[in-house]
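In: no FASTA, just this:
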């Protein structure tokens, strides 16, 4: 019963375009639009994006203020690079565990929150370790 109903519905959908034929001549008129351009008289960049929603930066920045340029940066346990190479790091908004490690120096760890469009300044104190 279900198969018969499915076959009838499929046949009806396939024959539907054949029943909708145009009668007589059909004309399409393309008239002038209001204003200029595609959607209106303004061609410049829209300050509020499309459909009136303002757009802004989707990432935040983390800047490291330290003189130890060979310090390794770890974000949530994963290696990101050295301070000298990264300088400023752009991340998605959210909370991150930041660690800086340098040979012969104390480890620095901090939990930071990155907000979109804002810069977080990290000022690590990487003091030298006492020799053993």
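Out: Done, it's in. Everything numeric in this text was worked out from a predicted model, so none of it was measured.
In: When you work out contacts or count neighbours from here on, use the C-alpha atoms and nothing else.
Out: Noted.
In: quick one: average confidence on the helix ranked longest in the chain?
Out: Under DSSP state H, the helix in the chain containing the largest number of residues is helix 2-19. The average pLDDT within helix 2-19 is 77.
In: Which neighbouring elements make contact with it?
Out: Packing partners of helix 2-19 (3 or more CA pairs under 8 Å, 6 or more residues apart in numbering; DSSP states H and E): none among the helices and strands.
In: how about it: buried residues?
Out: For helix 2-19, the neighbour count (16 or more other CA atoms under 10 Å) marks no residue as buried.
In: cool, and stretch 57-69?
Out: By 16+ other CA under 10 Å, the buried positions in stretch 57-69 come out as 59, 60, 61, 62, 63, 64, 68.
In: Ok, stretch 93-104 next?
Out: Going by neighbour count (16+ other CA under 10 Å), the buried part of stretch 93-104 is 93, 96, 98, 99, 100, 101, 102.
In: Among those, which ones are in strands?
Out: Here DSSP state E is the test, and those give 96, 98, 99, 100, 101 as lying in strands.
In: The first one touches residue 109, doesn't it?
Out: To tie it back to what came earlier, the one meant is residue 96. No: Residue 96 is beyond contact range of residue 109, at 10.6 Å (criterion: CA atoms under 8 Å).
In: which residues of the protein score low on pLDDT?
Out: Confidence mapping of the chain against pLDDT under 70 gives the ranges 16-56, 132.
In: Appreciated, that's everything.
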